[in-house]
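[1] Got a sequence here, can you build the structure:
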Amino acid sequence: MRITVTILGFFIDDQLFGRYSLRMAYPEPPSSKSAVKRAGQAISRGVATEADFLIVDQWRAAHGYVINTFQAWLKGHFSKRNYYIEFAQRLKRRNTVIDKLGRRSASGTPLIADVSAMHDFAGCRMIFNNIEQLNDFRSYMHSAQTMRNVEHRLRHEVEKYDYIEHPKRPFRKELSG
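    Got it, this is the predicted structure:
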């Protein structure tokens, strides 16, 4: 049985861009996070200008640097394990971001109030041969040994995002045999 799990979602953190130079092939994020938020709100209200769409698109595209850096870090850790992992990464498409900004609750309020806080602009997917390898890799990634040089603090308990033990509803089945 093969196990497919979407492991991580990313969003740009001010600290990340403060520590790394983006003088490379990736667009830099807009200079003002509040401008990103305002542009997202304008899109959500249906009153966006072309400049608003460009700001949100620049914000989305800047996540390419984050995901590329993280996938290189992850792949470095793959080589330390004795099993094969298929890996994929993606940036959320522009049309999907725009669509999410337009979604409303039953009461009419926007479901996404701040585009700069969306956590799934970029994501990694790792495909393991079995659940044991997945659990082993997950434990390894959360270990003090692996995280010793990472400036990151978990916001939630590790189990919160264990969608095999605690699937979201509706369940999106990604187990294949």
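[2] State the phi and psi torsions of Pro30.
    Backbone torsions of Pro30, given as degrees, to the nearest 10, read phi -50, psi 150.
[3] neighbours of it, just the number please.
    19 (other Cβ atoms under 10 Å). C-beta coordinates here come from the backbone N, C-alpha and C atoms, glycine included.
[4] wait, what's in contact with it?
    With contact set as Cβ atoms under 8 Å, 6 or more residues apart in numbering, Pro30 has these partners: Val36, Ile55, Gln58, Trp59, Ala62.
[5] same thing but 6 Å
    Contacts for Pro30 (Cβ atoms under 6 Å, 6 or more residues apart in numbering) come out as Val36, Ile55, Gln58, Trp59.
[6] what sits against the second one?
    Spelled out, it's Ile55. Taking Cβ under 6 Å, 6+ apart, we find Ile55 in contact with Pro30, Ala35, Val36, Ala39.
[7] Equivalent analysis for the first one, please.
    For Val36, the residues meeting the contact criterion (Cβ under 6 Å, 6+ apart) are Pro30, Ile55, Trp59, Ser116.
[8] What's the separation between it and Trp73?
    Remark: distance between Val36 and Trp73 (Cβ to Cβ, to the nearest Å) = 25 Å.
[9] before we move on, what about Ala61?
    Distance from Ala61 to Trp73, counting by Cβ to Cβ: 20 Å.
[10] Comparing those two, which residue is more hemmed in?
    When neighbours are counted by other Cβ under 10 Å, Ala61 comes out ahead of the other of Ala61 and Trp73, with 16 against 12.
[11] How about the more buried one, nearest residue that isn't a chain neighbour?
    The shortest distance from Ala61 to any residue that is not its chain neighbour, by Cβ to Cβ, 6 or more residues apart in numbering, is 4.7 Å, and that residue is Pro27.
[12] Can you classify the one you found by secondary structure?
    With DSSP: H, G, I helix; E, B strand; the rest coil as the basis, Pro27 sits in coil.
[13] and Gly123, that's in a strand?
    Yes. Gly123: assigned to a strand according to three-state DSSP.
[14] Report the mean per-residue pLDDT for the lengthiest helix in the chain.
    Ordering each helix of the chain by length in residues (DSSP state H) puts helix 50-78 first. Per-residue confidence for helix 50-78 averages out to 89 on the pLDDT scale.
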